Each structure stands twice: as C-alpha cells, then as structure tokens.
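# need coordinates for the following:
(one chain, ligands or ions: 2)
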Amino acid sequence: MAESKQRSADNAANQMMDIAAAKGQKVAYDRYEAAGPQCKFGQLGICCRACNMGPCRISTNPEKGAQTGICGATADVIAARNLALRVAVGASAHSDHGRDVVHLLLQTARGKAPGYSIKGPVKLRKLAQEWGIPLEGSNEEIAEKVALTALEDFSRQEGQLRFLDRVPAKMKERWEKMGVTPRGIDREVVSALHSTHMGGSSDAMQLIRNCVRGGLVDGWGGAMIATELSDILFGEPKPLVSEANLGVLKNDMVNILVHGHEPVLSEALVAASQAPEVLSACERVGAKGIQLAGICCTANEILMRHGVPIAGNFLHQEFAMVTGAVELMVVDIQCIFPALRTMAAHYHTKVVSTSSKARFEGFEHIEFDEADAIESAKRILVMAADNYANRAPEKVHIPTDKQPLVAGFTTEGVFDHLGGKYRPSYRPLNNAIIDGRIRGVVGVVGCNTVKAKQDECHLNMVKELLRHDVLVVQTGCSAIACGKAGLLAPEAAELYAGRGLLEVCDAVGLPPCLHLGSCVDNSRILTACIELCREGGLGDDFAELPVAGAAPEWMSDKAITIGFYVVGSGIFTVVGEPLPVEGSPRVTEYLTDGMEKDFGGKFAFERDPIKGAHLIIEHLNAKREALHISPMMYEPRAIETIGTKLSRDFVPAK
Ligand code: NFS
Ligand code: SF4
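Numbers count the residues shown, from 1 in each chain. Ligands and ions are numbered 1, 2, ... in the order given. Prediction:
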C-alpha cells in the first residue's frame, strides 16, 4: 500500500482513505487535489456573475486592470453582494428545514401524520404561553395553534419575528437603529436576494446590513423555530450516553446510515427500525438486526433524542462506504455529496434519496410521505436488510475506532440533573464565570472542509480553549469531530480542562464540551446567552458577555449565515477560512473591525486554530475586565499535562 497521506486527525478516516487509495477510489480530498489551484477571484469574492454582460472580475492590482465590472460595480459591491447572496441561501436552507418541522407539527396535531405524536408537551405549553396562546384543550389543539402561529413568522410582511420578544432590549435597539430588525422569514430571504440582482443595491454597507438581517432571520427565526418545534414534536433532548465513529458499524448486522438534516425522516426510521417485518427481513438474510447510525446533522438529531450512535461528520459520508459494511445510506437534504453515487458503485451500498427538495442522479428515490411515514421507513429498512445478502465479506473493513460521549444538552435542561445541590438555574454557571473558575463560554461549531486536515482545527482549538478554562458548547460537525476524539465524554475534563473548569465539571457533573445538537440548534446558544444575561452579573447584552463563537473548518453557506446572526447578535466569532471578501479591503475591514461598533460583534479570519483560540481568550479577558469580575483563579493548565489523567493539583492556585 502507498504511504498514508494522513489527511485526517481521525485514525478511522485515514484508514478508510488508505483503503480507498489502494483501490483507486477517489474521495473529496483527491478531487480537491485534482482540481488544481482554485480561482483567486472567486476566493477573494471579486468575480461577479450577477448578469450576462459578465462574468466580470476585478483586478487585484489597484494600479492595473479592471477596477470595476462592466456596469461599474466595484470590488466592494461585488464582494458584499456575493456574500449577501450566500447568506440568503443559508437562511433559506435552515428556514425551509424549520418550515417542514412546523408543517409536520400541524399535520400531527390534525391527526394527519400517523406515526408521529407530540413528545414534548411541557415545551409545547411553555411556547404557547410565550406566544399568548390559551392553554385550553388537548395538546393537539394547542399544537395546531402553535404551528399556525409559527407559520405566520414565515409569511409576515410587516412587524417583526415573534422570537425577538426574547431578545435583550439593548440588542433590539441596536438592530432598530441599524435597520436590520427582521420581519418575516420569507420576506427577508426574498428581499436579500432581490438586493443582489444586477443593478440592485450598489451600496456595500447596505448589502452587509442585509447579510446581518438575513442572518438574524435565520438564527432568531427559521433555526429557532426548527429547534423549538422539533423539541415539541420529537421530545426535548436529555443528556444520554452514546458513541461516535465508524467503529459503531457492526459486522453481523444490517448497517443503515442516515445522512442529511431533517429529523422528520430520521425519527421515522428510528421508530420503524424494530418493526417485526424489518426484523424478519434481517433474519431472512442471516443478520442479527439493524444498526442505525448517523452522518452530519441528522445524526446529531437522533443522537440527542434516542442515543443512536454517530458514524461520522461531513467528510465521513464517503469514508463510511469504504467499510464495505453499509447496506444503505438514506439521505434527505443539505451537505450530501453527489459523489456518493460513485463511491457506492464500488460497493454493494444503496443510496436512497427521500426529499422532494433534493434529487440526485444515480440514487434510488423513495419519496418520504409524512402521512405514511412509518410505512415509508419500513420499506427503506427492508430494502437495506435485503441488500445485506449482497455484502462482499472480502471488502469489509470496519475500523475499531469509536469513543463514548454524552449528548443531549439544551438551554432548559443543562442544569436540570443537578438535583438538590443547586436549583436548576444558570446561577452555578454565572457564579463560576464571575469567580474566575470559568473564563467564558465559547461555541465551536460548523463543518469539515478539504482545505484543512479533517477535524484537526476543531480539536486543536477546543483543547486550547479547555486548557484555558473555557467551557465549550458544540453543534454540527464540530460536535461530531470532538465526539470522535473523546472530548464529549465526562473524562475529558480530567484530560484537558484547566483546573477551574475541572472543578466546575466535577461539581456539576458536566463534560467540558457540551453537545447542544445540530446546526439549527445553534439557536440554543442564543437562548443560553439570554439565560446568562437574565441570571445577572454578566451584563444585559450578548456583547457584554464573556462569550465567543468559532467555525474553524466552515464550508457551507449555512455557516456564513450562522456567522452573521452570531456576530449580529453581538458575539465575536473566529472563522478558519476567511469569508470570501478579501478582494475588498473595505468590506474586510468592516467585517473584522468596524462592525463591532454597529453590532457589538465582529469576525476574525484565522486559519491557525491555536491563534484563533488565543484571539478568543484575549476577547474573553477583555470582556471580563470590562465587567469588573474577579481575575481568573488559576493559571492555564500546562501543555505537557494535556491528555494525561494524573493529579488534580496540576496548577498552583494563585
Ligand atoms: Ni452544519 Fe449540518 Fe456539517 Fe456544516 Fe453540513 S452537516 S447544518 S453545514 S457540514 S456543520
Ligand atoms: Fe459585470 Fe456588473 Fe453584470 Fe456583475 S452585474 S456581471 S459586474 S456587468
């Protein structure tokens, strides 16, 4: 076998890539290499395709070449316009996912979606109360009103999103002043798209404000609706134990991977996976049963509600097939490689698409019908079982790698299990921050990209933060990266956390990295920040809190949109790859500096995760100082002790 390229921080991924390479099978990293140098105009955001007189490219030399497009658009306008377009796409993706959840809640409430029921009645009643819906009648009657009210947020033309009532006053005033208060979801997405049309807005700063508004309508609109209504429909997640990585696949079972985003599908698969006809199909082919596992965000959804193990994150979608042990991969929407068709063809794996919103050439299609969910799910599961007979034992290589993890934390539930020690509130967390045991709370989230060694930026950044007593909260593929590396297990506190953080983890029984769910669940980070403000002592505006965000390996439009609602909500955010705007020094300067005075938050572009972590640490220190809270109680944990479980006296108290 040729020498391993070690393109991942994950041993299982490297093994799979080595096997694929030996067989001449291509994965995303190979296609990236084969593509050659990427277009720098595209990277810098100064290629415009907004009309057919172009494409126009702006010279990177201010002395020579085209300084504007044919219509006169400058680098500033083109970079900002391209960005606004991508934010609108990202917002539309999360929001359309949210819309499907609302629709399913409505159908369930009306008895038109057998197979689903309302599993989060407490949250249902809480939200109904928040929205002024009378708490009379059955859960179904209340749910119908909640769903119809949520739908209004999509179509609203005037006024503002309902969840803005949750936002601290100072932040809302800032948005009002900047003209970015989001109205209805569909309206904001459409008007952001409209502003990017040829001859539309040619004011770069207005286009950036559209990015903020397009972001806010996602975070406080579509994504928050997706989270809240998923909790109502599928149940509020509770902390539970599971495992992550390809080692969760089983040699003697039918392995089915769920890949994509909407829990609507994956929930039905979980529910149907033990049906008698599915189990008898397994028996027929000599398999011991069904092993369901997830890839990407749908994995996070069924992990946190059912403990279904995680097979891997974004780049694992191809690696999983190289195990030769995947009977079927079922996909819905978003982050799905068309290349799965090619990889699946090397094995016996079937790939089945299910959403009317995303069809893939070469995949089988079984349209998922929520009116007939369990039957659709059973059909898919039986198809997988039948395919077990086609598995070629000589092609099977299931890596042994997997790590235990705890997932299922929510804004409401994170301190519930504290029992009598504290009342379930944010007081212990706020106090730990105020006393200087915890430096701050940082969301490390987002994708994998072939532009980095898989997972490495997530892991290095998170470990550096933990060492400096930062409590890390996670979602999406970053959470999966850390799960595969053992960082989501309670033992990770002893191995990686600074002394102050370790003391808190010991006292409250939390891991140092909290899995908060899928990417739409970044809205949980927003609601957790509301609680931090409400509990008192740390400011009454997200911009005052010692918190930050990071997406060290981001790649999707959704990640840009998330970045804008986080920054727009006043939170400093580090992205690994720069946003594609560097061809415009003015836009770059605004996003990474000027924005702070208008919105309280700003971006930093930093590919080096350790440097990124230190930008965050400095930021947290500055916020702590401004709040006049105690200095940190302990020195950071020494690098040499990282990963060893030794003594709890590894740093002297100050
Ligand atoms: Ni988020 Fe989730 Fe992963 Fe990135 Fe894709 S799965 S919605 S976009 S790649 S974190
Ligand atoms: Fe060129 Fe202007 Fe058309 Fe863009 S909108 S392609 S810059 S002419």
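
# can you name the element that comes right after the helix or strand containing L303?
Assigned by DSSP states H and E, L303 belongs to helix 296-306. Per DSSP H and E, helix 296-306 leads on to strand 310-312 as the next helix or strand towards the C-terminus.

# show me what that following strand is packed up against.
strand 240-244, strand 290-295, helix 296-306, helix 316-322, helix 476-484 (3 or more CB pairs under 8 Å, 6 or more residues apart in numbering; DSSP states H and E). All C-beta atoms are positioned from the backbone trio N, CA, C, and that covers glycine.

# tell me the phi and psi of the closest residue to ligand 1 within the stretch 501-650 of the chain?
Nearest residue of the stretch 501-650 of the chain to ligand 1: C519, at 3.1 Å (CB to the nearest ligand atom). Backbone geometry at C519, expressed as degrees, to the nearest 10, gives phi -70, psi -30.

# these two touch, right, it and T561?
No. C519 lies out of contact with T561 (CB atoms under 8 Å); the separation is 9.8 Å.

# anything in contact with each of the two?
H94 (CB atoms under 8 Å, 6 or more residues apart in numbering).

# before we move on, the earlier item: out of the helices and strands packed on strand 310-312, which is the most enclosed?
helix 476-484 (a mean of 33; mean count of other CB atoms under 10 Å).

# is that one up against ligand 1 anywhere?
Yes. Interface with ligand 1: helix 476-484 contributes G476, C477 (CB under 6 Å from any ligand atom).

# strands along the stretch 551-654 of the chain, start to end?
Applying DSSP state E, counting those that start in this stretch to the stretch 551-654 of the chain gives strands spanning 573-575, 603-605.

# residues contacting the residue of the stretch 501-650 of the chain closest to ligand 1?
H94, A223, H261, C297, V445, G446, T475, G476, K558, A559, I562.

# per-residue pLDDT, the third one?
H261 is assigned a predicted lDDT (pLDDT) of 96.

# picking up where we left off before, among the contacts of C519, which are located in helices?
Of the positions in the contacts of C519, H94, A223, C297, G476, K558, A559, I562 sit in helices, assigned by DSSP state H.

# hang on, K623 packs against F542?
No. Using CB under 8 Å, K623 is not in contact with F542; the gap is 10.4 Å.

# hmm, back to that, which residue is the nearest non-sequential neighbour of the residue of the stretch 501-650 of the chain closest to ligand 1?
With sequence-adjacent residues excluded and distances taken as CB to CB, 6 or more residues apart in numbering, C519 is closest to G476, at 4.2 Å.

# what's the closest of the strands of the stretch 551-654 of the chain to ligand 2?
strand 603-605 (24.4 Å).

# direction included, what does that closest one pair against?
Paired neighbours of strand 603-605 in the sheet (DSSP bridges): strand 573-575 (parallel).

# what sits up against the strand it pairs with?
Contacts for strand 573-575 (CB under 8 Å, 6+ apart): 548-552, 554, 559, 563, 566-567, 601-606, 612, 615-616.

# repeat that for 10 Å
442-446, 461, 548-554, 559-560, 562-567, 591-592, 601-607, 609, 611-616, 619 (CB atoms under 10 Å, 6 or more residues apart in numbering).

# no further questions, thank you.
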